[in-house]
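1. Take this sequence and fold it.
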Amino acid sequence: MAKITYIEHNGTVHEIDVKPGMTVMEGARDNGVPGIDADCGGACACSTCHVYVAAEWVDRLPAKDPMEEDMLDFAWQPDPVRSRLTCQIKVTPELDGLVVNLPERQI
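-> Numbering: from 1, shown residues only. Presented below is the predicted three-dimensional model:
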């Protein structure tokens, strides 16, 4: 398991053990983390699982593919460096300790 920390916009912290092979979005959805809507179910067809990755993790994640880059254009206040779609981040043991901050809202 990899421990992923989801921090809501209001500061509420959720530390969730997520099974490798799942996505960061699935870990949030399956554990009731508010603020990850995942309207498209993980198909990278919306931006409702948008988060800001903690700065120390940005370079440790796989690069964004062009589809994710395009969908982030529709996210709430995207950050060109830290914004990611959690449906596109596959959990591996190396992601143990990942911290993501949820935006004020999803659109």
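
2. quick one: the helices in this structure?
-> Using DSSP state H, the helices of the chain run over 24-30, 66-72.

3. Rounded mean pLDDT for the last one, please.
-> The average pLDDT within helix 66-72 is 97.

4. List the buried residues for it?
-> Applying a neighbour-count criterion of 16 or more other C-beta atoms under 10 Å, one finds 68, 71-72 buried in helix 66-72. Every residue, glycine included, has its C-beta placed from N, CA and C.

5. returning to what we had before: closest one to residue 47 among the helices of the chain?
-> Among the helices of the chain, helix 66-72 comes nearest to residue 47, with 5.1 Å by C-beta to C-beta.

6. what's the closest one in contact with?
-> 44-47, 50, 64, 78, 83-85, 88 (C-beta atoms under 8 Å, 6 or more residues apart in numbering).

7. Try it again at 6 Å.
-> Outside helix 66-72, the residues that touch it by C-beta atoms under 6 Å, 6 or more residues apart in numbering are 44, 47, 78, 83, 85, 88.
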